[in-house]
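Enquirer: The following block contains a protein sequence and its predicted model.
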Amino acid sequence: MPEWRAQRNERARLQLERARPDVFPAPVLVHSLTQSWTPALPRLAVESYWRAHPLRADRLARGLAARSGAPEGWSWRLSRDEETRPTSFRLPPAPYREARWDRGPGFCCLCGQMVFRFGWHRDLWQAGAPNTRARWHAACVMAWKLWNAPGEHLRLLSRLQRRRCAVTGKRLLRSAEADHRVPLFSVWRDQRDRPWPELLTFWGFPNLQAINESAHRAKTVLEAKSRAVERSSSAASSRAGRRGDPEPEPRRAGAWLPGSGFADTAPE
Ligand SMILES: [Zn+2]
């Protein structure tokens, strides 16, 4: 490490030591002191920790959501109005982000659990009340970003798969892409009534894989054919007087993203 950076990191370390409370998540502190760029503020240290641990963030966010469960009367439905509900089945269902089920300040709008200092998920400070200025756990921000942009975690997926394509078993090329093992359209079509947050597993690491571009293209073509067959048999059923699939068309996959001031993610 160059001398100037070592000096800068030492200044940041002293600043972090002064700014942090005596009680501070130990893994975050250890992580901060081993980074190329030491974060100077406790909040930045927590964000840096979760950016470096998307697997943990994914598991934790789903675990916290399991504690909350789905609100009474909620079901996964799409809407044309992105303010109230997700507009596409590609977006993870998140009931507590919907205006009707919002739990208010101090509660995470993703998992529905209380948020404490620095966006932490446990009350290490025994405050007995949430931080009412917070609307997200730092871990849930990371999980949400992963669920919406899994392609940014290709390096990690590749490492988990020992650099082999999950479909062909061949060496993963630099042009490899992230893919959902169970495609999201089929989650919406066949599994939409599964309980929340179990549904979120389809957006998390358990359903993600890195595959080579050519294998991805072939998989996509097969999936499109299967959907076309489904649609034509559904249309035939409707003509025969049976009820068709009421699936609304997805509108904009980029909507429904968190409006937080957290920094962009860096692949692990
Ligand atoms: Zn949360």
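Expert: All right, it came through fine.

Enquirer: correct me, but Ser88 touches Trp76?
Expert: No: using CB atoms under 8 Å, Ser88 makes no contact with Trp76, being 11.9 Å away. To be clear about C-beta, it is placed using only N, CA and C from the backbone, and glycine gets the same treatment.

Enquirer: burial of Lys170, as a residue count?
Expert: A count of nearby residues for Lys170, using other CB atoms under 10 Å, gives 12.

Enquirer: same check, this time on Arg162
Expert: Count around Arg162 with other CB under 10 Å applied: 8.

Enquirer: Also the one 10 residues further on?
Expert: Summarising burial for Leu172: neighbours were counted as other CB under 10 Å, giving 22.

Enquirer: mind checking how far it is from Pro130?
Expert: Distance from Leu172 to Pro130, counting by CB to CB, to the nearest Å: 42 Å.

Enquirer: and if you look at Pro92?
Expert: 23 Å.

Enquirer: go on, Trp196?
Expert: Distance from Trp196 to Pro130, by CB to CB: 22 Å.

Enquirer: re the thing from before, more crowded one of Pro92 and Pro130?
Expert: Pro92 (24 against 19).

Enquirer: is it true that the more buried one touches Asn207?
Expert: No: taking contacts as CB under 8 Å, Pro92 lies outside contact range of Asn207: 11.2 Å.

Enquirer: Residue of the stretch 151-268 of the chain nearest the ion, please.
Expert: Pro197 (10.6 Å; CB to the ion).

Enquirer: Which residue is the nearest non-sequential neighbour of Ala57?
Expert: Met142 (3.7 Å; CB to CB, 6 or more residues apart in numbering).

Enquirer: which ones are touching the one you found?
Expert: By CB atoms under 8 Å, 6 or more residues apart in numbering, the residues touching Met142 are 50-51, 53-54, 57-58, 61, 265.

Enquirer: from those residues, which single one is nearest Pro21?
Expert: Of all the contacts of Met142, Pro21 sits closest to Trp50, with 18.7 Å by CB to CB.

Enquirer: Work out the gap between stretch 68-81 and the centre of the chain.
Expert: Offset of stretch 68-81 from its chain centre (CA atoms, centre = their mean, to the nearest Å): 18 Å.

Enquirer: and the helix or strand encompassing Glu17, what other elements does it pack with?
Expert: Assigned by DSSP states H and E, Glu17 belongs to helix 3-19. Secondary-structure packing of helix 3-19 (3 or more CB pairs under 8 Å, 6 or more residues apart in numbering; DSSP states H and E): helix 42-52.

Enquirer: Contacts for the helix it packs on, please.
Expert: Residues outside helix 42-52 that contact it (CB under 8 Å, 6+ apart): 16, 19-21, 24-25, 27-29, 31-32, 35, 39, 56-57, 118-120, 138-139, 141-142, 262-263, 265-266, 268.

Enquirer: Which positions within the helix or strand following it qualify as buried?
Expert: Heading C-terminal from helix 42-52, the first helix or strand you meet, by DSSP H and E, is helix 54-68. Using 16 or more other CB atoms under 10 Å as the test for burial, helix 54-68 gives 54-55, 57-62, 64-65, 68.

Enquirer: rewinding a little: what's the angle from the helix holding Glu17 to helix 42-52?
Expert: Orientation of helix 3-19 against helix 42-52 (axes from the mean of the first three to the mean of the last three CA atoms, to 10 degrees) gives an angle of 120 degrees.

Enquirer: any idea of the mean pLDDT for helix 3-19?
Expert: Across helix 3-19, pLDDT averages out at 94.

Enquirer: for the helix or strand of the chain with the lowest mean pLDDT, the distance to its chain's centre please.
Expert: The helix or strand of the chain with the lowest confidence, counting by mean pLDDT, DSSP states H and E, is helix 213-239 at a mean of 83. Distance of helix 213-239 from the chain centroid (CA atoms, centre = their mean) equals 27 Å.
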